[in-house]
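K.L.:
this is a predicted model, with the sequence first.
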Amino acid sequence: MNSGPSSPPPRPLPTPPDSHTPRLARHEDEEPATEAGRSATRFVPTTTVLEPLPSRRILFAIRSAIPTPSRRIVILWLLALAMYGGAYQAQFAWGELPIYHITGDEPHYLTIATSLIRDGDLEIFNNYRDKDYLPFYPWHLGDPRDPEDMHALYGTGGRLYSKHSIGLPLLIVPAMWLGGHGLAIGFMIALNALLSTELWRLARDVTGSQSEASSHQGRRGGAVATATWFLVATASPLLFYSDQFYPEVPGALLVTVALRALLPGTLGTASLVRLGLVVSLLPWFHLRYIPIATAIAAWGLMRWALPGLASPRLDGKTAQGSMRNWTGAILGTLIAAAAGGSLIALDMRLFGGIPAVNDYGSVSLSNIPAGALGLLFDRQYGLLPYGPVYLLALYGLLALPSQLGWVRSGPMLTLLISYFVFIASFSFWFGAFSPPSRMLVPVMPIFVTGLAVALHRWHGWRMIIVAIALAVADWAIIAQLIAVPRLRYNYWDGKSVLLAYLSQVWETDITQVLPTFVVPEQASYVWAAWATAGIIGLFVLITTSRPVSRSNRNANRRPNDRYPPAAPFRTPGGLPTIGSVVITPDGDRREQA
């Protein structure tokens with residue numbers, strides 16, 4: 001009998017896993033798993049949970065399309081809410097009477113919402129007949145005997161329906177039902193504050209502060225986004241449309257969401273769902289947003305079909321994954337198809353087809369020169385006369401391809417150009433009786449992008465001086481329009497009420513200082529040519545770097561040196577040095593100990 005210690009039992013060989021059992025995909029630098037799924041440092045499970053059900057994947061995709069606001073976003077939203085609410089109250093506290101705070105097309109949108117609340121339908125004849133608009137518009141609004149005066153069209157069965165889109169009335173119905181038009185004004189101010197936070201996010205994404213390798217540049221990018229947000233939030237037109245009942249602010253918010261969704265190198269499920277929501281909702285707010293929705297849908301489709309088109313990311317790395325995202329594409333297509341089909345079905349039920357609305361006069365290619373120049377320079381409705389800070393945005397738009405690349409800047413530039421030409425082709429390109437630049441509000445996110453790029457690329461002292469000067473001019477105009485609110489509204493006769501008012505105050509005629517393109521004149525085109533030359537000259541002044549003088553080049557040379565300083569060299573295993581100065585990997589210089 002053997003008295004020695006018994007040998008340990010033989011270790012059973014590991015059982016090969018079932019071929020149908022899913023296993024974890026091991027990362028390249030991960031330690032190999034041993035038997036029982038253990039490694040030298042941590043436990044690695046041998047199996048994973050089964051793939052989620054399709055319904056759960058759909059719910060997760062929809063949930064991920066709605067981002068959770070951070071603390072900074074909440075703070076910015078509260079600040080914007082305070083600024084817009086303060087500006088709205090300031091006109092009643094210090095403004096000159098009369099104050100047109102609900103006018104133009106606004107009471108007609110509110111009448112549609114009133115009909116939905118009181119009658120539960122969209123027929124508006126009885127609402128104009130019974131003057132249901134008196135709580136928010138105590139004047140004559142529309143003659144029930146005249147459909148054109150009521151902004152109405154005859155529909156099926158001889159009923160009268162408003163010619164305005166129902167997207168905005170549907171949006172403000174809950175606020176109107178809870179607190180009347182006063183709470184609806186607060187809701188629109190809150191919505192415009194939300195737009196300002198999305199514009200901050202867009203400026204941050206464009207300047208690349210999220211993915212900067214250097215913390216210093218990341219902080220500078222965040223500062224540029226904040227400066228852009230402040231300049232935009234306190235400037236026309238967004239400040240004056242913060243309390244207005246127009247579909248422009250919701251349209252601008254949807255465009256901002258779409259532009260942010262198109263920025264990543266690879267479109268995920270959440271991005272495609274957001275694009276589907278934007279494309280589906282834009283026509284509900286106005287039919288003239290169909291070209292915007294079409295451009296967004298075309299770029300989304302191209303980015304999905306060619307996933308490797310935008311391979312370099314904002315941080316310079318290579319985008320991972322070139323597979324088409326079928327889940328996001330199917331969800332986005334279903335959302336757009338359902339919303340579009342619902343809108344067509346509603347028009348078929350109300351009007352028997354898509355109504356022919358002639359809101360903006362005749363359409364002609366001959367209108368484009370005057371309309372395009374007027375959208376920028378017109379003394380009554382132009383963007384730059386009331387918001388001069390957006391002059392810097394024009395410079396940033398020129399540098400947009402070099403900042404983002406042609407693929408990421410393509411949606412912004414094509415959308416802006418196509419919409420600009422589309423609106424300029426109308427004889428009523430200015431939007432009639434409304435605050436300035438109404439027709440450009442939906443594409444203001446693109447101008448904001450240009451402003452952020454300009455502040456990010458050219459941040460020298462000359463840019464700072466120009467930006468401060470333009471901002472001060474902008475705030476002076478804002479203060480004047482808050483003090484005399486009626487100056488925001490012009491009749492389309494080529495005469496600026498703001499310039500006429502200032503001419504009386506200053507006792508100097510300045511009514512012809514700016515051009516008019518509502519009633520085009522030859523002098524207006526000459527003025528635009530000189531203004532364009534001045535804009536180009538200012539651009540050269542801001543962007544041209546000062547050449548280094550000979551004294552600056554030789555600043556590090558000692559008087560007795562016959563040769564320039566030696567080039568940086570690297571010691572074995574050390575950092576590149578110049579004499580006793582060490583250059584760190586971040587490019588900073590420090591004295592060697």
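P.N.:
Done, it's in.

K.L.:
switch to C-alpha atoms for all contacts and neighbour counts from now on
P.N.:
Fine.

K.L.:
tell me where the protein has strands.
P.N.:
Secondary structure of the chain by DSSP state E: the strands cover 152-154, 160-162, 569-570, 576-578, 581-583, 589-591.

K.L.:
mind listing what's buried along the second one?
P.N.:
The one in question is strand 160-162. Along strand 160-162, these residues count as buried under the neighbour rule (16 or more other Cα atoms under 10 Å): 160-162.

K.L.:
elements contacting it?
P.N.:
The elements that strand 160-162 packs onto, with contact taken as 3 or more Cα pairs under 8 Å, 6 or more residues apart in numbering; DSSP states H and E, are strand 152-154.

K.L.:
for the strand it packs on, buried residues please.
P.N.:
152-154.

K.L.:
turn these into TSV, columns for pLDDT and distance to residue 181.
P.N.:
Shown next, in TSV, are these (pLDDT from 0 to 100; distance: Cα to Cα, whole Å):
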residue	pLDDT	distance to residue 181
152	89	21
153	89	25
154	89	27
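
K.L.:
just the closest of those residues to residue 392, please.
P.N.:
Closest approach to residue 392 among those (Cα to Cα): residue 152, at 41.4 Å.

K.L.:
and the closest one, what are its bridge partners?
P.N.:
residue 162 (DSSP bridges).

K.L.:
separation between it and residue 352?
P.N.:
15 Å (Cα to Cα, to the nearest Å).

K.L.:
before we move on, what about residue 161?
P.N.:
Counting by Cα to Cα, the gap from residue 161 to residue 352 is 12 Å.

K.L.:
give the rounded mean pLDDT of the lengthiest helix in the chain.
P.N.:
Ranked by residue count, the top helix of the chain under DSSP state H comes out as helix 167-207. Mean pLDDT, helix 167-207: 95.

K.L.:
repeat that for stretch 261-269.
P.N.:
84.

K.L.:
distance from it to the middle of the chain?
P.N.:
16 Å (Cα atoms, centre = their mean, to the nearest Å).

K.L.:
also stretch 362-377?
P.N.:
Taking mean C-alpha positions (Cα atoms, centre = their mean), stretch 362-377 and its chain are 24 Å apart.

K.L.:
cool, and stretch 496-513?
P.N.:
34 Å.

K.L.:
now residue 434: how far from residue 151?
P.N.:
16 Å.

K.L.:
how about residue 394?
P.N.:
In this view, residue 394 and residue 151 are 37 Å apart by Cα to Cα.

K.L.:
circling back to that earlier point, reformat the buried residues of strand 160-162 as CSV; add pLDDT.
P.N.:
Formatted as CSV, these follow (pLDDT from 0 to 100):
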residue, pLDDT
160, 91
161, 92
162, 91
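
K.L.:
any chance of TSV for the residues you listed, columns distance to residue 135?
P.N.:
Listed next are these as TSV, based on distance: Cα to Cα, whole Å:
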residue	distance to residue 135
160	22
161	21
162	19
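
K.L.:
kindly indicate which of the residues you listed lies nearest residue 516.
P.N.:
Using Cα to Cα, the buried residues of strand 160-162 come closest to residue 516 at residue 162, 32.0 Å.

K.L.:
ok, now which ones touch the closest one?
P.N.:
108, 112, 122-124, 150-153 (Cα atoms under 8 Å, 6 or more residues apart in numbering).

K.L.:
and it, how far from residue 122?
P.N.:
Note on residue 162: its distance to residue 122, by Cα to Cα, is 8 Å.

K.L.:
find residues that contact each of those two.
P.N.:
residue 112.

K.L.:
surely residue 543 and residue 458 touch.
P.N.:
Yes - assessed by Cα atoms under 8 Å, residue 543 is found in contact with residue 458 at 6.4 Å.

K.L.:
now the common contact residues for the two.
P.N.:
Overlap of the contact sets of residue 543 and residue 458 (by Cα under 8 Å, 6+ apart) is empty.

K.L.:
how long is stretch 251-269 end to end?
P.N.:
23 Å.

K.L.:
distance from stretch 226-240 to the middle of the chain?
P.N.:
On Cα atoms, centre = their mean, the centre of stretch 226-240 falls 12 Å from the chain's centre.

K.L.:
oops, could you answer that again for stretch 289-307 instead?
P.N.:
Worked out by Cα atoms, centre = their mean, stretch 289-307 lies 16 Å from the chain centre.

K.L.:
same thing with stretch 102-117?
P.N.:
27 Å.

K.L.:
ok, and what's touching that stretch?
P.N.:
121-124, 127, 132-133, 136-137, 141, 150-151, 162, 164, 166, 168-170, 172-173, 176-177, 181, 244-246, 433-434.

K.L.:
before we move on, what about stretch 138-154?
P.N.:
Residues contacting stretch 138-154 (Cα under 8 Å, 6+ apart): 107-108, 125, 128-129, 133, 160-164, 351.

K.L.:
if we use 10 Å, what do you get?
P.N.:
103-105, 107-108, 111, 123-134, 159-164, 350-351, 355-357, 359 (Cα atoms under 10 Å, 6 or more residues apart in numbering).

K.L.:
for ChimeraX, write a command that selects the buried ones of the residues you listed.
P.N.:
Command for ChimeraX that selects the buried part of the contacts of stretch 138-154, burial taken from 16+ other Cα under 10 Å:
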select :103,104,105,107,108,111,123,124,125,127,128,131,132,133,160,161,162,163,164,350,351
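
K.L.:
inside helices: which ones of the contacts of stretch 138-154?
P.N.:
107-108, 111, 125-129, 350-351.

K.L.:
those into a markdown table, with extra columns for distance to residue 387 and pLDDT?
P.N.:
Shown next, in a markdown table, are the ones in helices among the contacts of stretch 138-154 (distance: Cα to Cα, whole Å; pLDDT from 0 to 100):
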| residue | distance to residue 387 | pLDDT |
| --- | --- | --- |
| 107 | 26 | 94 |
| 108 | 28 | 94 |
| 111 | 32 | 95 |
| 125 | 40 | 92 |
| 126 | 41 | 92 |
| 127 | 38 | 92 |
| 128 | 37 | 93 |
| 129 | 41 | 91 |
| 350 | 40 | 90 |
| 351 | 40 | 88 |
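
K.L.:
pick out whichever of the residues you listed sits closest to residue 501.
P.N.:
Looking across the ones in helices among the contacts of stretch 138-154 and measuring by Cα to Cα, the closest to residue 501 is residue 107, at 27.0 Å.

K.L.:
can you name the residues that contact residue 132?
P.N.:
110-111, 114-115, 118, 124, 126, 138.

K.L.:
and of those, the nearest to residue 513?
P.N.:
Of these, the one sitting nearest to residue 513 (Cα to Cα) turns out to be residue 138, at 36.8 Å.
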